[in-house]
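Undergrad: sharing a sequence plus its predicted fold:
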Amino acid sequence: MQPDYIVVGAGAAGCIVAARLTEDPTVNVLLIEAGGSDRNPIITMPGALPFVYQRRQLQWGFRSGPEPQLGGRTIDEKMGKVLGGSTSINAMIWNRGNPMDFDGWAADGLADWDYAHCLPYFRKLETWEGGADEWRGGDGPM
Ligand SMILES: Cc1cc2nc3c(=O)[nH]c(=O)nc-3n(C[C@H](O)[C@H](O)[C@H](O)COP(=O)(O)OP(=O)(O)OC[C@H]3O[C@@H](n4cnc5c(N)ncnc54)[C@H](O)[C@@H]3O)c2cc1C
């Protein structure tokens, strides 16, 4: 079957793009991921995160270059190499940025990035257990 779209990387962005594209049942999407399955107890068990980080089949193991502000030390730069990408190895914290940061970016010239523009997308993304209101979403996928 010939794909209509090829999405490279099945992390946060790739999975969302592929899922949204395939909401149209006539569209064929080929989603390519360098890593393997996310069906692994050390991924589903939050306390096992340190073990995930040691596994090169789940984590790319990148390091920064020498950091001048750290006396030339290099820093561990974690990135998931598995279905779900870094969302499969992350700390599962769900929060939004501070509205003042978004409004600051808008004031610096990114007019569409003010909080008022972004809020509808945050709401669309989530289902809040307390129910939808002007800040929270009620029927999103997260
Ligand atoms: C350790 C850690 C903890 C984090 N904790 C949190 C948290 O608690 N809360 C939060 O909101 N965010 C957290 N994040 C951030 C969040 O997970 C990332 O911002 C998000 O996953 C980035 O999405 P992405 O689609 O850009 O990349 P990723 O989700 O990293 O996806 C990229 C995918 O592309 C694949 N890929 C790369 N190159 C190729 C190639 N050439 N061919 C095929 N596939 C390829 C990778 O294997 C990977 O699966 C954390 C991130 C890390 C690393």
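TA: Structure received. None of the values given here were measured: they were computed from a predicted structure.
Undergrad: for N95, grab the count of nearby residues.
TA: N95 is flanked by 5 other residues according to other CB atoms under 10 Å. Bear in mind the C-beta positions are built from the backbone N, C-alpha and C, glycine included.
Undergrad: check contacts around it.
TA: Residues near N95 by CB atoms under 8 Å, 6 or more residues apart in numbering: none.
Undergrad: report how many residues lie close to the closest residue to the ligand within the chain.
TA: At 1.6 Å from the ligand, G11 is the closest residue in the chain, using CB to the nearest ligand atom. Neighbours of G11 under the rule other CB under 10 Å: 19.
Undergrad: so for the nearest residue to M92 once chain neighbours are set aside, what's the pLDDT?
TA: Of all residues not flanking M92 in the chain, P46 sits nearest, at 6.5 Å (CB to CB, 6 or more residues apart in numbering). For P46, the pLDDT comes out at 87.
Undergrad: what's P46 sitting at in phi/psi?
TA: phi -50, psi -40 (degrees, to the nearest 10).
Undergrad: what of T127?
TA: phi -120, psi 110.
Undergrad: that one touches W94, doesn't it?
TA: No. T127 lies out of contact with W94 (CB atoms under 8 Å); the separation is 11.7 Å.
Undergrad: who touches both of these two?
TA: Counting by CB under 8 Å, 6+ apart, the residues touching both T127 and W94 are M142.
Undergrad: more neighbours: which of those two?
TA: For T127 versus W94, neighbours defined as other CB under 10 Å are more numerous around T127 (13 against 6).
Undergrad: how about that one, what does it touch?
TA: So T127 contacts 137-142 (CB under 8 Å, 6+ apart).
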